[in-house]
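> I need the structure of the sequence given here:
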Amino acid sequence: MRLSIAFSTNDGKNLLNEHAGMARYFDVYEFSDNEVKFVERRKNKEVEEDETLIHGDPKKARSVSTVLEGVDVIVNRRFGPNIVRILKNFTCVVVKSYTIADAIEVIKQNIDKVIEEYKKEECKKPVVL
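Take a look at the predicted model:
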């Protein structure tokens, strides 16, 4: 199975230590058959344009969803109140890792859990790894 997985980051190396939607960028990787390939970096336009938005703002959730169109999974160390809105369109994975490289390894080791949650059509919950 192929999954498109986005990692919240400001620098392309480390995961964000804030809510996922506050990231400047989302680095998108393709996971398939134990292979991982970097696809692209997407700029989080909402953060760039309006840093005054409060946590949980529905406008921010819509913006992140638009930026991540075509992505299946979002990975970060933390998610904010918008996770309830984001879970309607994405599988959210919370990791303890600090770097994207470490988070990729954690995802690879737990891909079955991620796929199981991804396949649910309703009542998705965050995957905590």
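> Val94: how many residues sit nearby?
16 (other C-beta atoms under 10 Å). For every residue, glycine as well, the C-beta is placed using N, CA and C.
> so who does it touch?
Asn76, Arg77, Arg78, Phe79, Pro126, Val127, Val128, Leu129 (C-beta atoms under 8 Å, 6 or more residues apart in numbering).
> Next step: these restricted to strands.
Asn76, Val127, Val128 (DSSP state E).
> Okay, now the unreliable bits of this structure?
Within the chain, the stretches with pLDDT under 70 are 46-60.
> got CSV for the ones in strands among the contacts of Val94, with neighbour count and distance to Ile111 too?
CSV is the format used below for those (neighbours: other C-beta atoms under 10 Å; distance: C-beta to C-beta, whole Å):
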residue, neighbour count, distance to Ile111
Asn76, 26, 17
Val127, 20, 10
Val128, 10, 15
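> now the helices: where do they sit in this structure?
Secondary structure of the chain (DSSP state H): helices at 45-49, 58-67, 83-86, 100-109, 111-118.
> Nearest to Leu3, out of those helices?
Counting by C-beta to C-beta, Leu3 lies closest to helix 111-118 out of those; the figure is 6.7 Å.
> Count the residues that sit near Asn89.
The burial count assigned to Asn89 is 15, neighbours taken as other C-beta under 10 Å.
> Any figure for the gap between it and Val114?
15 Å (C-beta to C-beta, to the nearest Å).
> Show me the residue sitting in the middle of the chain in space.
With distances taken as C-alpha atoms, centre = their mean, Ile74 lies nearest the centre of the chain, 1.7 Å away.
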